[in-house]
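In: Here you go, sequence then predicted model.
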Amino acid sequence: MSIPILFDMDGVILEGPRTDPQVYAKAADMALSELGADPTDTHRDDLRRHDLDSIRTHCTALEIDPAAFWELKEEYASELTHERIRSGERGLYDDIDAIGDLTATTTVGLVTNNRHATAEFVADYVPFDFDVVRGRRPTFAEYNRRKPDPYFLEDALSELAVNSGIYVGDSLKDVTAGRAAGLETAYLRRPHNRDVDRPADATRVLESLSELPSLYAAAKRENKSEYTS
Ligand SMILES: [Mg+2]
């Protein structure tokens, strides 16, 4: 059996550690407009951010359904993000071809805190296939289950019908979530985390995705009692 390798998305595949806050600001404005709301400047500022309590409070004051607002904001954020990727405004890292090379050997997955619609877009956009894709769906409940909660990772492992593997990510919460899900973890160095301390629980550190073949070979050696080819 092969060793599944799951990948975080922002800062691993998509350049930069997260979605630009301007995307959410614009998405919130578009959602408010669609719902016919008339927010104050304070409402608008708060609704552009992700504080769920203030979103519930302000939406109630504006007599719009908080869940409907959230779903629309997430939907518009996805559309805006996909346009940024298509136009090249947000790039992909040059070394992601190494993930494609792995697909010949093992199962690969994409597991992110970002929106599920964007994870699916990125999975379609890259020139290789992921075996499982899991991001947050546009509900408050899913927003609250983001990493370091291992929920999305556990869901992906369940879909693959496996209970071990490696999670590759660029932040401490990836390592925390990966360990909680029973995975080995690889902490990927990128320009934005170059000076951040290595998370103590990370199994390995990668300087680039081009090190994936050696990561995979080492994992096979170390787990040969668990995995047989
Ligand atoms: Mg990340």
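Out: Good, I have the coordinates.
In: so how far is stretch 188-206 off the chain centroid?
Out: The chain centroid and the centroid of stretch 188-206 are separated by 17 Å, computed with C-alpha atoms, centre = their mean, to the nearest Å.
In: Check what contacts that stretch and list those residues.
Out: Identification of contacts with stretch 188-206 by C-beta atoms under 8 Å, 6 or more residues apart in numbering yields 11-12, 16-17, 93, 166, 168-172, 175-176, 179, 184-187, 207-209, 212, 215, 218. For the C-beta atoms, the positions are set from N, CA and C on the backbone; glycine is no exception.
In: who in this structure is up against the ion?
Out: 8, 10, 11, 170 (C-beta under 5 Å from the ion).
In: Who wins on neighbours among the residues you listed?
Out: Among these, the one with the most neighbours (other C-beta atoms under 10 Å) is residue 8, at 25 neighbours.
In: Just confirm that one contacts residue 170, I think it does.
Out: Yes. Taking contacts as C-beta atoms under 8 Å, residue 8 lies within contact range of residue 170: 6.3 Å.
In: from the residues of the chain next to the ion, which two are the most distant?
Out: 10 and 170 (7.8 Å; C-beta to C-beta).
In: Mutual contacts of the two, please.
Out: residue 17.
In: Helix, strand, or coil at residue 109?
Out: Here residue 109 is recorded as strand under DSSP: H, G, I helix; E, B strand; the rest coil.
In: That should have said residue 129, apologies.
Out: Strictly by three-state DSSP, residue 129 counts as coil.
In: Could you report the separation of the closest residue to it other than its chain neighbours from residue 7?
Out: Nearest residue to residue 129, sequence neighbours excluded (C-beta to C-beta, 6 or more residues apart in numbering): residue 103, at 6.4 Å. Residue 103 sits 12 Å away from residue 7, taking C-beta to C-beta, to the nearest Å as the criterion.
In: More neighbours: which of these two?
Out: Higher neighbour count among residue 103 and residue 7: residue 7, with 25 against 14, using other C-beta under 10 Å.
In: Which stretches in the protein count as strands?
Out: For the chain, the strands defined by DSSP state E cover 5-7, 108-115, 132-136, 166-169, 184-188, 204-206.
In: contacting residues for the most centrally placed residue in the chain?
Out: The residue lying closest to the centre of the chain (C-alpha atoms, centre = their mean) is residue 112, at 1.9 Å. Residue 112 is in contact with 8, 9, 10, 118, 119, 134, 135, 136, 152, counting by C-beta under 8 Å, 6+ apart.
In: what angle separates the helix or strand bottoming out on mean pLDDT in the chain from strand 184-188?
Out: Ranked by mean pLDDT, DSSP states H and E, the weakest helix or strand in the chain is helix 212-222, scoring a mean of 94. Computed with axes from the mean of the first three to the mean of the last three C-alpha atoms, to 10 degrees, the direction of helix 212-222 lies at 160 degrees from that of strand 184-188.
In: could you pull out the helices for this protein?
Out: Ranges of helices in the chain, per DSSP state H, are 21-34, 41-48, 52-61, 66-87, 97-102, 116-125, 140-143, 151-160, 172-180, 212-222.
In: Identify all contacting residues around the last one.
Out: With contacts defined as C-beta under 8 Å, 6+ apart, helix 212-222 is touched by 3, 5, 98-99, 101-102, 105-106, 166, 168, 184, 186, 204, 206, 227, 229.
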